[in-house]
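1. Let's see this in three dimensions:
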Amino acid sequence: METAVTAAALRALHVPGRPLLLPNVWDAASARTVEKAGFPAVATSSAAIAAALGYPDGEAVPVVEMLDTIARIVDAVSVPVSADIERGYGMAPAELVERLAATGAVGCNLEDSDPPTRTMIDPSAQVDFLVAVRAAAIHSGLDLVINARVDTFARPDPALDDALNRARRYREAGADCVFPILAAEPEHIRALVGEVDAPVNIMCRRGAPAPAELAALGVARVSFGSGLRNALQAYHRQMLERVVAGESPFHSGQS
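-> All right, here's what the predicted structure looks like:
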């Protein structure tokens with residue numbers, strides 16, 4: 001599919017109250033599984049990819065390995081792919097856009113904290129970054145769906161006003177949607193949906209509302225971060241424990 005078509009298709013899937021569900025993937029096999037299950041788009045998880053490649057999260061993966069993984073995921077499916085590229089792995093906006101375009105991804109997450117330290121970036125600096133990324137995409141002819149991550153709720157002292165301010169400014173800077181990661185309180189989510197003129201992405205995780213509840217709150221995109229891979233890894237450990245105990249790791253009828 002042409003990039004312009006798939007980016008437009010991805011953008012159109014962000015409908016408040018009927019959210020785009022994105023069970024995040026980490027390799028070609030998991031991406032194919034998501035597509036085969038009927039999901040209309042695929043999103044990567046930087047943390048899940050890092051773990052699968054043997055690195056910690058926080059831009060510790062060499063950028064070549066991250067981009068190669070994203071490209072393999074894009075090649076494995078026929079639906080639009082949005083790539084979690086943290087804060088760009090130190091690339092300038094023009095290089096970031098050029099190398100992302102080469103993978104075939106038509107969307108990306110860009111976060112507003114420094115990945116190694118989790119220190120929040122000044123919102124004005126993040127606005128400048130997002131403006132430059134959007135300008136680079138326009139200059140290159142790339143139709144790119146930018147999901148601007150807001151890390152306020154990942155801080156020990158989150159403030160709703162800060163999250164709202166950042167989300168509004170990122171939207172004005174050219175973001176297509178905003179992603180207040182770790183927002184979990186219904187009143188916070190309701191405020192973000194109601195007071196920010198942008199589709200809102202919320203992460204489904206333990207302690208957060210379920211997808212149906214998020215839909216009722218007006219959320220337009222639901223992602224799962226590294227949660228699915230973490231759950232599968234935990235199940236793998238349980239299977240190995242049964243092997244160590246001299247048992248079959250397979251349940252009846254499982255192969």
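
2. Give me the phi and psi angles of the most centrally placed residue in the chain.
-> By C-alpha atoms, centre = their mean, the chain has its centre lying nearest to D84, at 4.8 Å. D84 has phi and psi values of phi -80, psi 110 when expressed as degrees, to the nearest 10.

3. element containing L130?
-> Under the assignment given by DSSP states H and E, the secondary-structure element containing L130 is helix 123-140.

4. So what's the gap between that helix and the chain middle?
-> Relative to the chain's own centre, helix 123-140 is displaced by 18 Å; criterion: C-alpha atoms, centre = their mean, to the nearest Å.

5. Buried residues of that helix, list them for me.
-> Along helix 123-140, these residues count as buried under the neighbour rule (16 or more other C-beta atoms under 10 Å): P123, Q126, V127, F129, L130, V131, A132, V133, R134, A136, A137. Any C-beta I mention is one placed from the backbone N, CA and C, and that applies to glycine too.

6. quick revisit: is it true that the residue nearest to the centre of the chain touches A105?
-> No. Taking contact to mean C-beta atoms under 8 Å, the distance of 9.8 Å between D84 and A105 leaves them out of contact.

7. Please, where are all the helices along the protein?
-> 3-12, 28-36, 46-53, 63-76, 93-103, 123-140, 160-172, 186-195, 211-216, 227-244 (DSSP state H).

8. among those helices, which is the most enclosed?
-> Between the helices of the chain, the one whose residues have the most neighbours on average, counting mean count of other C-beta atoms under 10 Å, is helix 46-53 (a mean of 22).

9. any low-confidence regions in the stretch 151-255 of the chain?
-> Of all residues in the stretch 151-255 of the chain, those with pLDDT under 70 make up the ranges 252-255.

10. hmm, 80 instead?
-> 251-255 (pLDDT under 80).

11. quick check: longest strand of this protein.
-> Within the chain, and with DSSP state E defining each element, the longest strand by residue count is strand 145-150.
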